[in-house]
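**Student:** I'll drop the sequence and a predicted model, then ask my questions.
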Amino acid sequence: MLALRLTRGARPAVQLRRLLVAAASAGTGFLLLCALGHALGRPGAPPDSLLRLVWCAAPLAATVYFAVAVARADPGAGPRPGLSALGLGPVRMMAVSATATALTCALGSVTALLVFLHLRGDLTGTPFDGSGTDFLAVGRPLPLPATLTLLALVPGSASVAVAVALRPREPAGSPSRSGRTAYGRFGAYRATAVRETFGAYGRFGRHLEPAARGRRPSAARQRTPEEARAHLQTQTQTQTQQDRLSTGPSGQDPERTPGPDGTASGLRPAAAVPASGSGSGSGTAPSGLPWGIAVLAVGLAAGAYASRTGVGAVPGERPGALAGPVLAAVGLALAGPGLTHLCGRLLQSVRPGALRLLAGRLLMTEATRIGRPLGVVCAVLSGAYALGSLYYTGGRPAGPLALLGVLLVIGCTVATLLTAAVEARQAHAGTTAALLRLGAPSSTPRRAAALRAGALLALFGPLTVIVAHLSGLSPAP
């Protein structure tokens, strides 16, 4: 009931994305039912029916991927203040998101069943009499267990994937198990992984006084003037010793930056300041680029070897020709985040201005969020071109179900990329508002977004065309 209320009360943009998920689920369910109808209509050809069912795995994976992206971008899926007291913590909100996704996909599956029964003539009594409609299995009863099992694949897979993607995780800044306080027997001193300096507590039991009086311990206690002067002298002496140790051979002090309090006592060497591009603001470089390049090279090598041998003309007789485009697409998808991070770094190189610097930093920060779906889109486009050039040559037409599957996969991946872009825009709404408050022109965010899109298109466009052309080399006669 709570999932239904949250679904009804969502914003129009969220409702539109959920309708797209329902439409993708309907298309995938229809393809699964058509595979079942082909098996019923041709009981003497089980390999062909099994091959059709295996090809339905690509639309199923694309639909689940899109459903996970929509659930992650839903503003109502995140934790809200005050809901934990009502029992709606992170685990409950994750369960609500998974339930909402299952209901959305179930709506699509029911729609697919109604369309399939309508084409068979079970609802109107008049079946669809077109060419190539053997997948409808007109006149044969549908087995109820098989039908329900196939229709439950999309809602079940999507809900499990959403639950895994939105499961509560321990924050990165939380202490590890080795750094937590370990208590021994009763009355023994506690053992901590971090050694405390002398005088850290001031006197025995001082840190327990606020809790004993029924008040929350404050984050920073107000120091007395004597304690402030003593703390200032300690910091000055420590900074002097550090400067003596870190002075270069020329005798000059290194560049220093002000501390958090903005006073001269908080100065520290510039070597301790994180370098540009390595901090949390720009994000670390994704680690999947070498693996992606390696898998891409293996796929291209397999495709080139299959094109030289040229064995067989049927898809089942050319496993090497099929493995080449698949491996190339997987490698391109793995290398997407790393290439996006590299694109952001190249964008802000060679004396960048404010616009290029802003666009490059945002690309480096959102390399994983934007690069992964972008790599998947490029992989799907290159794989579709390669498979089409391999298996639909010589005037061989593609069937309506094949076209539906290709449109489903491409549409789901492109919609996932757009959803990730919307999510990145929502994540940086505070930065955009801060820039506008500082006096930046209102067109700066749009110009930076256009610059990022142009840079990504300039890098991924030719790369996709080259990979698609090399993967789709026709076998030698």
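**Tutor:** Nice, I can see it.
**Student:** Name the residues of the helix or strand harbouring residue 430 that are buried.
**Tutor:** Assigned by DSSP states H and E, residue 430 belongs to helix 429-437. For helix 429-437, burial by neighbour count (16 or more other Cβ atoms under 10 Å) applies to 432, 435. The way it works is simple: take the backbone N, C-alpha and C, and place the C-beta from them, glycine included.
**Student:** what do you get for stretch 158-170?
**Tutor:** Neighbour counts over stretch 158-170 (16+ other Cβ under 10 Å) mark 158, 159, 161, 162, 163, 166 as buried.
**Student:** low-scoring stretches of the protein, by residue?
**Tutor:** Along the chain, segments meeting pLDDT under 70 span 1-10, 76-88, 125-133, 170-233, 235-283, 306-321, 392-397, 472-477.
**Student:** ok, how many other residues are close to residue 354?
**Tutor:** Using other Cβ atoms under 10 Å, residue 354 has 11 neighbouring residues.
**Student:** Now do the helix or strand following the helix holding residue 430: which elements does it pack against?
**Tutor:** Later in the chain than helix 429-437, the nearest helix or strand by DSSP H and E is helix 444-471. With contacts taken as 3 or more Cβ pairs under 8 Å, 6 or more residues apart in numbering; DSSP states H and E, helix 444-471 sits against helix 289-309, helix 319-334, helix 336-347, helix 354-365, helix 367-391, helix 429-437.
**Student:** And the ones you listed: which comes nearest residue 59?
**Tutor:** helix 367-391 (11.2 Å; Cβ to Cβ).
**Student:** Go through the closest one and flag the buried ones.
**Tutor:** Applying 16+ other Cβ under 10 Å to helix 367-391 flags 367-387, 389-391 as buried.
**Student:** tilt between it and helix 319-334?
**Tutor:** 160 degrees (axes from the mean of the first three to the mean of the last three Cα atoms, to 10 degrees).
**Student:** just checking, what packs against helix 367-391?
**Tutor:** Partner elements for helix 367-391 (3+ Cβ pairs under 8 Å, 6+ apart): helix 57-73, helix 319-334, helix 336-347, helix 400-427, helix 444-471.
**Student:** for the second one, which positions count as buried?
**Tutor:** Of the residues in helix 319-334, those scored as buried under the neighbour-count criterion (16+ other Cβ under 10 Å) are 320-334.
**Student:** How about the third one?
**Tutor:** Buried residues in helix 336-347, defined by neighbour count with 16+ other Cβ under 10 Å: 336, 337, 338, 339, 340, 341, 342, 343, 344, 345, 347.
**Student:** Relative to residue 138, which of those is nearest.
**Tutor:** Nearest member of those to residue 138, counting by Cβ to Cβ, is residue 336, at 44.1 Å.
**Student:** My read is that the closest one contacts residue 380, right?
**Tutor:** No - at 11.6 Å, residue 336 does not count as touching residue 380 under the criterion of Cβ atoms under 8 Å.
**Student:** nearest residue to residue 334 other than its sequence neighbours?
**Tutor:** Counting by Cβ to Cβ, 6 or more residues apart in numbering, the nearest residue to residue 334 once its immediate chain neighbours are dropped is residue 292, at 3.4 Å.
**Student:** what about residue 460, distance to residue 413?
**Tutor:** 13 Å (Cβ to Cβ, to the nearest Å).
**Student:** Show me which of these two is the more surrounded one.
**Tutor:** residue 413 (24 against 21).
**Student:** Would you mind confirming that the residue nearest to residue 334 makes contact with residue 333?
**Tutor:** Yes - between residue 292 and residue 333 there is a contact at 7.3 Å, judged by Cβ under 8 Å.
**Student:** tell me the contacts of residue 341?
**Tutor:** If a contact means Cβ atoms under 8 Å, 6 or more residues apart in numbering, then residue 341 has 283, 285, 286, 289, 363, 364, 367, 371 as its contacts.
**Student:** Looking at these, which one is closest to residue 138?
**Tutor:** residue 371 (46.8 Å).
**Student:** OK, contacts around that closest one?
**Tutor:** Counting by Cβ under 8 Å, 6+ apart, residue 371 touches 286, 336, 337, 338, 339, 340, 341.
**Student:** Need these in a markdown table (columns: distance to residue 91).
**Tutor:** Converted to a markdown table, the contacts of residue 371 look like this (distance: Cβ to Cβ, whole Å):
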| residue | distance to residue 91 |
| --- | --- |
| 286 | 29 |
| 336 | 31 |
| 337 | 29 |
| 338 | 33 |
| 339 | 36 |
| 340 | 32 |
| 341 | 33 |
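**Student:** ok, so of the buried residues of helix 319-334, who is nearest residue 72?
**Tutor:** Looking across those and measuring by Cβ to Cβ, the closest to residue 72 is residue 333, at 17.9 Å.
**Student:** Please report how far that closest one lies from residue 439.
**Tutor:** 41 Å.
**Student:** before we move on, back to that, overlap of the contact sets of residue 292 and residue 333?
**Tutor:** residue 375.
**Student:** Tell me how many other residues surround residue 304.
**Tutor:** Neighbour tally, residue 304, other Cβ under 10 Å: 15.
**Student:** Apologies, that question was intended for residue 459.
**Tutor:** 18.
**Student:** Not counting residues beside it along the chain, what's closest to it?
**Tutor:** residue 343 (5.0 Å).
**Student:** Hmm, residue 363 and the one you found touching each other?
**Tutor:** Yes - with contact defined as Cβ under 8 Å, residue 343 counts as touching residue 363 (5.9 Å).
**Student:** residues in contact with stretch 14-22?
**Tutor:** Here stretch 14-22 has contacts from 7, 10, 63, 66-67, 70, 73-76, 100-101, 104-105, 107-108, 111, 158, 415, 419, using Cβ under 8 Å, 6+ apart.
**Student:** What's the separation between the closest residue to residue 423 other than its chain neighbours and residue 463?
**Tutor:** Nearest residue to residue 423 in three dimensions, chain neighbours excluded: residue 73, at 4.3 Å (Cβ to Cβ, 6+ apart). Here the criterion is Cβ to Cβ. By it, residue 73 lies 27 Å from residue 463.
**Student:** Of these two, which one has the most company?
**Tutor:** residue 73 (21 against 17).
**Student:** which ones are touching that one?
**Tutor:** So residue 73 contacts 17, 419, 420, 422, 423, 426 (Cβ under 8 Å, 6+ apart).
**Student:** Tell me which helix or strand residue 142 sits in.
**Tutor:** Per DSSP H and E: residue 142 is located in neither a helix nor a strand.
**Student:** surely it meets residue 40?
**Tutor:** Yes - Residue 142 is within contact range of residue 40, at 7.5 Å (criterion: Cβ under 8 Å).
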